[in-house]
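S.K.: Just to be clear, the model below is a prediction. Sequence and coordinates:
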Amino acid sequence: MNTRRHHAAFTLIELLVVLIIIGIVLMVALMAFGDFGQSRRQKLAVIELKESITAAQQQAILQPAVLGLSFTKHGYFYLRYWVNPRTNKTTWRPLESDALSNKNAFGDGADVKLQTLTNSNAHHRPGPRIYFLPNGTVSHFSVRIHYRDKKHYLLQTNDSGEVSIE
């Protein structure tokens, strides 16, 4: 009796073919989305900065207060100009409830360059470089953000104080 049993299993060759197909599909997907959304996160960080600048303009009007924006290697933070009522000494202090700042917005791979109209010795002065006044004006500036992967963004103000991204 020569009966053949029919096994309900895959052969080794069938399994290898399936694994090769899965590998090819994954390789194509990685090439298409190779940065795992990093460029999207970079663009969102720049948009978030633009929106926080608009919110700071509004906050300066509503409080009314003079606010400032400073940049770090990895992000940015907002300060409030404060006058001590007893001594009349002035200083910049962090905002009390600071939802505007993001000190890690750009991550490790960014180079941030700020240029203002009063850029002469700006990097030697303590305090912020961009100012938001209670009348709604913001000092003219341009911020260039260069990422390691060669992407770069430019934020700048126009004459009416609106911020644009290029």
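M.R.: Nice, thanks for sending it over. These figures come from a predicted structure and were not determined experimentally.

S.K.: these two touch, right, G75 and D108?
M.R.: No: with contacts counted by C-beta atoms under 8 Å, G75 stays clear of D108, the gap being 11.0 Å. Any C-beta I mention is one placed from the backbone N, CA and C, and that applies to glycine too.

S.K.: neighbour-wise, which of the two wins?
M.R.: More crowded of G75 and D108, by other C-beta atoms under 10 Å: G75, with 19 against 8.

S.K.: Now do the contacts for that one.
M.R.: Counting by C-beta atoms under 8 Å, 6 or more residues apart in numbering, G75 touches 101-106.

S.K.: and the nearest residue to E166 once chain neighbours are set aside, how many residues sit next to it?
M.R.: Using C-beta to C-beta, 6 or more residues apart in numbering and skipping the chain neighbours, the partner closest in space to E166 is L154 (4.4 Å). Residues lying near L154 (other C-beta under 10 Å) number 14.

S.K.: quick one on the thing from earlier: please convert the contacts of G75 to a markdown table, extending it with distance to T11 and pLDDT.
M.R.: Formatted as a markdown table, the contacts of G75 follow (distance: C-beta to C-beta, whole Å; pLDDT from 0 to 100):
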| residue | distance to T11 | pLDDT |
| --- | --- | --- |
| S101 | 61 | 88 |
| N102 | 55 | 87 |
| K103 | 57 | 89 |
| N104 | 52 | 86 |
| A105 | 53 | 87 |
| F106 | 52 | 86 |
